[in-house]
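1. structure for the following, please:
(chains A, B and C)
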Amino acid sequence: MPELPEVETVSRGIRPHLEGQAIQEIIIRNPNLRWRVDAQLSIKVVGQVVQKITRRSKYIVWHLEQGALLWHLGMTGVMRVLTEPELPLKHDHIDVVFANKILRFTDPRRFGALIFTEDWQKHSRIVNLGPEPLGPGFNNIYLKEKLEKTQRAIKFAIMDAHVVVGVGNIYANESLFLARIHPQRIAASLTLGEVGSLTAAVEITISKAIEFGGTTLKDFIGSDGKPGYFRNELQVYGRKDEPCFACRNPIQKIVLGGRATYFCAQCQRL
DNA sequence: ATCGGGACCTGCTTGC
DNA sequence: TGCAAGCAGGTCCCGA
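-> Residues are numbered from 1 along each chain as shown, chains lettered A, B, ... in the order given. So this is what the prediction gives:
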């Protein structure tokens, strides 16, 4: 399901419901997520107030009075706020119970995660992350310097969270199309001008996707139950053999590093 | 040190 | 129609 815009959408969706609320209970039906959920988790967080909810990379951070909870939605994680009790289904692995609502975490593939950390900014999953694509640290000077050092295909480079966070497969494809750069270009071969276009393309793509509430492919729904509408805006992703919106040539699909890669061979030159 | 590939899971779609 | 293979939005870890 989620890349950064989807995670941001979920984060914004749950925030008004949960900020300021005290955690009364945590029900872990299945702790076997990406990493096994700490059996002591309840002891550490029950009674604490969720002071603030933010996002860093694809993690949703619940700032508690002591420490923080880091959530990751993996590929198929969904968070919903229940105001009425609902019988848990097969993949409803975790409930966080508040006074008059429940945060329910559902994740069929169990690539998601829930981690308690005393100091989230120093957590090993967080500390080495690259800048936010919409933050001040992400600009053409920074990106040029990063890309110069690597011979990988540009698509891999921008999907690498040490370079910039939050750019997953869909938005990597979309950003490269917008910047008119072929996904297999060697990262180090990009000129400063091209890096500038790519920086702008990533910013535009991500911010537009956030504005549209993310991309619904199969099962993404925001925590308000609404789908994301960015799907209608996709230029290349999932459009194999369909005409390019710019030049009408058919969109190509190749597999790069095991991931579906879509591009227009006319508009995006090697 | 960097990079590619396999691994982790389940469910849906596709093709025989 | 039924079944198996293939594929999926993410990341980590290993070995070359």
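2. all contacts plus neighbour counts: C-alpha atoms, from now on.
-> Will do.
3. get me the contact residues on the stretch 151-270 of chain A for DNA strand B.
-> A:151-153, A:156, A:257-258 (CA under 7 Å from any atom of the strand).
4. make it 6 Å
-> A:151-152, A:257 (CA under 6 Å from any atom of the strand).
5. can you show me the strands along the stretch 51-200 of chain A?
-> Along the stretch 51-200 of chain A, the segments classed as strands by DSSP state E, counting those that start in this stretch run A:52-56, A:59-63, A:68-72, A:78-82, A:92-97, A:102-106, A:113-117.
6. where does pLDDT dip in the stretch 101-250 of chain A?
-> Scanning the stretch 101-250 of chain A for pLDDT under 70 picks out the ranges A:216-227.
7. my guess is A:Gly214 contacts A:Arg12. True?
-> No. With contact defined as CA atoms under 8 Å, A:Gly214 does not count as touching A:Arg12 (11.8 Å).
8. with neighbour numbers in mind, choose between the two.
-> The neighbour comparison of A:Gly214 against A:Arg12 (other CA atoms under 10 Å) goes to A:Gly214, with 29 against 19.
9. so who does that one touch?
-> A:5-6, A:9, A:227-231 (CA atoms under 8 Å, 6 or more residues apart in numbering).
10. that one and A:Leu73, how far apart?
-> Distance of A:Gly214 to A:Leu73, given as CA to CA, to the nearest Å: 14 Å.
11. now A:Arg55
-> 12 Å.
12. please apply the same query to A:Met79.
-> 8 Å.
13. likewise for A:Gly130?
-> Applying CA to CA to A:Gly130 and A:Leu73 gives a distance of 19 Å.
14. of these two, which one has the most company?
-> Higher neighbour count among A:Gly130 and A:Leu73: A:Leu73, with 26 against 17, using other CA under 10 Å.
15. grab the nearest non-local neighbour of the more buried one.
-> A:Gly112 (4.4 Å; CA to CA, 6 or more residues apart in numbering).
16. isn't the one you found up against A:Met79?
-> No. Taking contacts as CA under 8 Å, A:Gly112 lies outside contact range of A:Met79: 11.0 Å.
17. out of the two, which sits in the busier spot?
-> Between A:Gly112 and A:Met79, counting by other CA under 10 Å, A:Met79 is the more crowded of the two (25 against 22).
18. how far away is the more buried one from DNA strand B?
-> Plainly put, A:Met79 is 16 Å away from DNA strand B if you go by CA to the nearest atom of the strand, to the nearest Å.
19. excluding chain neighbours, what is closest to that residue?
-> A:Phe105 (4.8 Å).
20. what do you get for A:Trp35?
-> Per CA to CA, 6+ apart, closest to A:Trp35 is A:Ala113, 6.2 Å.
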